[in-house]
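Peer 1: Provide a 3D model corresponding to the input given below.
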Amino acid sequence: MSILAKNADALAVRPALQGRWRDSLAAFDADRDEGGLGVVTRADTVAGLTQQLHAVGVDVVAWYGVRAFTDHLTGVRPGDDLNDIVAVEWEAGRRDPYRRLARLFHVVGVKAGAPRTGSA
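Peer 2: Okay, here's the model as predicted:
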């Protein structure tokens, strides 16, 4: 199973980086957020989603942060350094504390008791 979700634990980062302190303060306890397209969407936590998956017989075997830096910088377009951006995001997405601040997270799970192949 593969799930990509908005990271509720990082909702305060973007408004703080934009100097919107009141919005950032409110985001610490939020479970929804308006994205770059102006649409409000639900946010989850890794712990909460892991608990929900476990309840239906899925074991989380790995999780990664997605867009730890680039998603918080709205309006900034990559230049000739796209390969470097991707490399930095890859490293940040698999390391704490960076993955915990990513705008999104990716959870990988398997049905409890199912054989695990490959590496996660």
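
Peer 1: Residue 65 against residue 105, yeah?
Peer 2: Yes. Counting by CB atoms under 8 Å, residue 65 touches residue 105, with 5.6 Å between them. C-beta coordinates here come from the backbone N, C-alpha and C atoms, glycine included.

Peer 1: List the residues that are in contact with both of these two.
Peer 2: Common neighbours of residue 65 and residue 105 are listed as 7, 99 (criterion: CB atoms under 8 Å, 6 or more residues apart in numbering).

Peer 1: which residues of this protein score low on pLDDT?
Peer 2: By pLDDT under 70, the weakly predicted segments of the chain are 117-120.

Peer 1: which one's the longest helix in it?
Peer 2: Looking across the chain with DSSP state H, the single longest helix is helix 82-93.

Peer 1: after that helix comes which helix or strand?
Peer 2: Per DSSP states H and E, the first helix or strand lying C-terminal to helix 82-93 is strand 104-111.

Peer 1: Name the residues of that next one that are buried.
Peer 2: Residues 104-107, 109-110 are the ones in strand 104-111 that count as buried (16 or more other CB atoms under 10 Å).

Peer 1: contacting residues for the residue nearest the centre of the chain?
Peer 2: Centroid check for the chain by CA atoms, centre = their mean gives residue 104 as the closest residue, at 2.1 Å. Going by CB under 8 Å, 6+ apart, residue 104 touches 4-7, 65-67, 71.

Peer 1: Put together JSON lines for those residues, with distance to residue 84, secondary structure and neighbour count on each row.
Peer 2: Formatted as JSON lines, those follow (distance: CB to CB, whole Å; DSSP: H, G, I helix; E, B strand; the rest coil; neighbours: other CB atoms under 10 Å):
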{"residue": "4", "distance to residue 84": "23", "secondary structure": "strand", "neighbour count": "10"}
{"residue": "5", "distance to residue 84": "27", "secondary structure": "strand", "neighbour count": "19"}
{"residue": "6", "distance to residue 84": "25", "secondary structure": "strand", "neighbour count": "20"}
{"residue": "7", "distance to residue 84": "23", "secondary structure": "strand", "neighbour count": "24"}
{"residue": "65", "distance to residue 84": "18", "secondary structure": "strand", "neighbour count": "25"}
{"residue": "66", "distance to residue 84": "17", "secondary structure": "strand", "neighbour count": "20"}
{"residue": "67", "distance to residue 84": "15", "secondary structure": "coil", "neighbour count": "17"}
{"residue": "71", "distance to residue 84": "17", "secondary structure": "helix", "neighbour count": "19"}
